[in-house]
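[1] sequence? don't have it. structure:
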């Protein structure tokens, strides 16, 4: 008997290698996944101008950064945008200014697609080989009420689906579906009951790495894991000869791994 549904994650026609140059832009879920890429020694740039929730703001980040990644992750959080009344422009952050200065509205599916296409095309001009992975954040927005949040996600899902079907360099990773369908239990949520827990993020990372990572990247992660754990060890007596010898051995292992993977940032 099967007691849960497993979301199928199609294997893309590219693979992420060790120390790939990665750009992660989007909601706070992009921050969580981006930090994991950085921890695992990928050359990751994560939300360089802050968290961006909607497709228009994702485009703004892509335009402002000079990053030319081999792989980019766009995590869509909402289709709601805020327009500065004085200029008519979509702002990425209201910076705690009075609400009366802004008008809130919702982007249509076509508008979301338009901003995403511009963002992908901008990256492709810098790196013709770029691959873009689009995800929809599983984080619900209580301020829209839960029905409104689902409607917002529906618009983003339709836009993401169009991009994955019509743009050869785009794929869709079902983080949203994994949380809602596989991890269908509040024990996989943070105390606010809205954000995925660390355990949920770890599981999504596991599903992502299974399908998107090259065999070489998986081998690197196996070699890096014990070194990372050793570096994170907190000794009872940091001045002891035993700990100093342990630390010396760890640094030697790190140097050997660096020699094997020259792009690795220490």
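    In hand now; what should we look at? Since the structure is predicted, the reported quantities are computational estimates derived from the model, not experimental observations.
[2] For the strand or helix carrying residue 90, name the packing helices and strands.
    In the assignment (DSSP states H and E), residue 90 maps to strand 89-91. On a contact count with 3 or more C-beta pairs under 8 Å, 6 or more residues apart in numbering; DSSP states H and E, strand 89-91 meets helix 55-64, strand 80-84. C-beta coordinates here come from the backbone N, C-alpha and C atoms, glycine included.
[3] Make a markdown table from these and add distance to residue 2 to it.
    Formatted as a markdown table, these follow (distance: least, C-beta to C-beta, whole Å):
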| stretch | distance to residue 2 |
| --- | --- |
| helix 55-64 | 36 |
| strand 80-84 | 37 |
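[4] Using CSV, lay out the ones you listed together with distance to residue 72 and mean neighbour count.
    Below are the helices and strands packed on strand 89-91 laid out as CSV (distance: least, C-beta to C-beta, whole Å; neighbours: other C-beta atoms under 10 Å):
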stretch, distance to residue 72, mean neighbour count
helix 55-64, 8, 22
strand 80-84, 21, 18
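[5] okay if I get the ones you listed as a markdown table plus mean pLDDT and distance to residue 246?
    Formatted as a markdown table, those follow (pLDDT from 0 to 100; distance: least, C-beta to C-beta, whole Å):
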| stretch | mean pLDDT | distance to residue 246 |
| --- | --- | --- |
| helix 55-64 | 98 | 41 |
| strand 80-84 | 96 | 51 |
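[6] Next up, the contacts around the spatially most central residue of the chain.
    For the chain, the residue nearest the mean C-alpha position is residue 30 (3.1 Å; C-alpha atoms, centre = their mean). Contacts for residue 30 (C-beta atoms under 8 Å, 6 or more residues apart in numbering) come out as 24, 46-47, 51-52, 73-75, 135, 137.
[7] Pull out the buried residues from the helix or strand hosting it.
    Here residue 30, judged by DSSP H and E, is contained in helix 28-39. For helix 28-39, the neighbour count (16 or more other C-beta atoms under 10 Å) marks 29-34, 36-37 as buried.
[8] from the residues you listed, which is closest to residue 229?
    residue 36 (15.0 Å; C-beta to C-beta).
[9] Mind pulling the model confidence for that closest one?
    pLDDT for residue 36: 95.
[10] Next, the contact list for it, please.
    201, 205.
[11] For residue 104, list each beta-bridge partner.
    Taking DSSP bridges, one obtains residue 82 as the residues bridged to residue 104.
[12] Going forward, count from 14.
    From this message on, residue numbering opens at 14, which makes the last subject residue 117.
[13] doesn't residue 98 make contact with it?
    No - taking contacts as C-beta atoms under 8 Å, residue 117 lies outside contact range of residue 98: 11.0 Å.
[14] quick one: the strands in the stretch 14-163 of the chain?
    34-39, 56-59, 84-89, 93-97, 102-104, 115-119, 144-149 (DSSP state E, counting those that start in this stretch).
[15] where are the low-confidence patches of the protein?
    Residues of the chain meeting the criterion pLDDT under 70: none.
[16] which residues in it form helices?
    Using DSSP state H, the helices found in the chain span residues 41-52, 68-77, 122-139, 159-179, 188-190, 211-225, 228-244, 254-273.
[17] and residue 30, which of these is closest to it?
    helix 228-244 (5.3 Å).
[18] Most distant residue from the centre of the protein?
    residue 254 (41.2 Å).
[19] quick one: that residue and residue 260, what's the gap?
    11 Å (C-beta to C-beta, to the nearest Å).
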